[in-house]
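# I'll drop the sequence and a predicted model, then ask my questions.
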Amino acid sequence: MTLLSPAVAFFVTVSVIAFILYSKFSRLVQDVPNERSLHSNPVPRTGGIGLVIGVFAGWGLMLGALPWWLWLPCALLFAVSLLDDIRNLPVWQRLLAHLLAATLLVSGSGIPAQYGFLTAIALFLIAAWMIDLYNFMDGSDGLAGGMALFGFAGYGVAALLAQDQVLGLVCLTITASAAGFLLFNFHPAKIFLGDAGSIPLGFLAAALGIWGWLRGDWTLWFPLLVFSPFIVDATVTLCKRTLRGAKITEAHREHYYQRAIQLGAGHRPVALIEYGLMAIAGVAAVRVRMQDWPWQVLLTAGVVYGALMLILDRRWKTQGRVSA
């Protein structure tokens, strides 16, 4: 029955999102354009409801194989983030939920006892950053859903190559839900993820990366390389804004994918370029997943990302923004 999990996830995701779009629930949470938006018309921001319900429906066929520190924090983040989408919770309440989820993940998985306090702190910080990072990168049609599709597919393939069917199916279930969501989210998007979708996905990117490491399926850098297109963009942008003294909790349009769109590239080409980067990063990571430090791959990735960011920075300085 567990082999049906991805199919169930895809079907449920598509069904729930279709229901949302063609019912009054499409007006429950609207993403109304403002000066920082990259879209011009109101769009429902409830696609994450369908995606997460789809994931949990698929996982329901294998629930006994899932550790509580995976599904419980994920469910908590979904509930808090959905409430935030509807009521716009204060930043401190959202941050508290994110930190609690990261704490449950690291402590529940036994990392402090097995690997020590310093490793636990490092993984806690990485998990907390991934939770918010995914939300920061959910600002363009098809982008966050595509990262989920390629990223969790990379996890799933690597786990299956390691003969870990349980983790492989857990990851491919998320992949299937992301594929169902992308049917409605690829440009021009009919629906957005919202925090209820992006926040749990960020947590799962960290949690499943750590779980695969604990099970011996890959080394610890592997998840970082798989999700590197998102990690590099969000981290470099945050560092630049911090050094400039900008308020890091304030919404903005300074991510590299956002600037590419503002420079005239458009949602669809930017999404396809990002898909290419994600696919290449995933394939490279899977090929060298058991190497301690694949310096050649990591250095190549650094050069490619650095060159792309340098090109965009120079174009931004010379051309400025144009209509997206």
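Looks like it arrived, so ask away.
# Which residues are in contact with the residue lying closest to Val283 once chain neighbours are set aside?
Leaving aside its sequence neighbours, Val283 sits nearest to Gly154 (Cβ to Cβ, 6 or more residues apart in numbering; 7.8 Å). In short, each C-beta sits where N, CA and C put it, glycine included. The contact partners of Gly154, taken as Cβ atoms under 8 Å, 6 or more residues apart in numbering, are Val226, Ala281, Gly282, Val283, Ala285, Val286.
# So Gly154: helix, strand or coil?
Secondary structure for Gly154, judged by DSSP: H, G, I helix; E, B strand; the rest coil, is helix.
# Could you pull up phi and psi at Ser140?
phi -150, psi 150 (degrees, to the nearest 10).
# Next, count neighbours for it.
The tally of other residues near Ser140 (other Cβ atoms under 10 Å) stands at 26.
# What ranges does the stretch 1-150 of the chain have for its helices?
5-21, 47-59, 68-87, 91-108, 111-115, 117-136, 143-161 (DSSP state H, counting those that start in this stretch).
# do the same with the stretch 151-300 of the chain
Assigned by DSSP H, counting those that start in this stretch, the helices in the stretch 151-300 of the chain fall at 165-185, 195-214, 222-226, 228-244, 256-262, 267-287, 295-319.
# Alpha carbons of the fifth one, as CSV, please.
Output in CSV follows, covering the C-alpha atoms of helix 256-262 (Å, rounded to 0.1, in the frame of the first residue of the first chain):
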residue,chain,number,x,y,z
TYR,A,256,18.2,37.4,-7.4
TYR,A,257,15.2,35.6,-8.9
GLN,A,258,13.0,38.7,-8.2
ARG,A,259,15.6,41.0,-9.8
ALA,A,260,15.8,38.8,-12.8
ILE,A,261,12.1,39.2,-13.3
GLN,A,262,12.2,42.9,-12.7
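# Quick one: mean pLDDT over that helix.
Taken as a whole, helix 256-262 has an average pLDDT of 87.
# cool, and the first one?
For helix 165-185, the mean pLDDT works out to 97.
# and that helix, which residues are buried?
Neighbour-count burial for helix 165-185, counted by 16 or more other Cβ atoms under 10 Å, picks out 167-182, 184-185.
# lowest confidence element among the helices and strands of this structure?
Lowest by mean pLDDT, DSSP states H and E among the helices and strands of the chain is strand 30-31, with a mean of 72.
# related to what we said a few turns ago, now the residue nearest to Val283: how far from Gly202?
Distance, Gly154 to Gly202, by Cβ to Cβ, to the nearest Å: 16 Å.
# now swap in Met309 and tell me
The gap separating Met309 from Gly202 is 22 Å, by Cβ to Cβ.
# How about Val14?
23 Å.
# cool, Arg314 as well?
For Arg314, the distance to Gly202 (Cβ to Cβ) stands at 30 Å.
# out of those two, which sits in the more crowded spot?
Ranked by neighbour count (other Cβ under 10 Å), Arg314 and Gly202 place Gly202 first, with 31 against 10.
# Who are the contact partners of the nearest residue to the more buried one once chain neighbours are set aside?
Using Cβ to Cβ, 6+ apart and skipping residues adjacent in sequence, the residue nearest Gly202 is Tyr134, 2.9 Å away. Counting by Cβ under 8 Å, 6+ apart, Tyr134 makes contact with Ala144, Met147, Ser198, Ile199, Leu201, Gly202, Ala205, Phe230.
# what about 6 Å?
Ser198, Leu201, Gly202 (Cβ atoms under 6 Å, 6 or more residues apart in numbering).
# Verify the stated contact: the second one with Met147.
No - counting by Cβ atoms under 6 Å, Leu201 sits too far from Met147 to count as a contact (8.0 Å).
# between the two, who's got more neighbours?
Using other Cβ under 10 Å as the criterion, Leu201 and Met147 rank with Leu201 on top: 31 against 26.
# Find me the pLDDT at the more buried one, would you?
pLDDT for Leu201: 97.
# From Arg45, how far off is Ser185?
One correction, residue 185 is Asn, not Ser. With the distance defined as Cβ to Cβ, Asn185 ends up 11 Å from Arg45.
# Likewise for Ala207?
Look at Ala207 and Arg45: by Cβ to Cβ, they are 24 Å apart.
# do Leu77 as well
On the measure of Cβ to Cβ, Leu77 and Arg45 end up 16 Å apart.
# Between those two, which has more neighbouring residues?
Between Leu77 and Arg45, Leu77 has the larger neighbour count (other Cβ under 10 Å), namely 27 against 22.
# Now do the contacts for the more buried one.
Contact analysis of Leu77 by Cβ under 6 Å, 6+ apart lists Ala101, Ile199, Pro200, Phe203.
# Kindly recompute the last result at 8 Å.
Per Cβ under 8 Å, 6+ apart, neighbours of Leu77: Ala97, His98, Ala101, Ile131, Ile199, Pro200, Phe203.
# Ala102 now?
Taking Cβ under 8 Å, 6+ apart as the test, what Ala102 contacts is Pro73, Phe124, Ala127, Ala128, Ile131, Phe203, Ala206.
# most surrounded residue in these?
Ile131 (30 neighbours).
# Pull the contacting residues for Thr237.
Applying Cβ under 8 Å, 6+ apart, the residues contacting Thr237 are Phe136, Glu254, His255, Tyr256.
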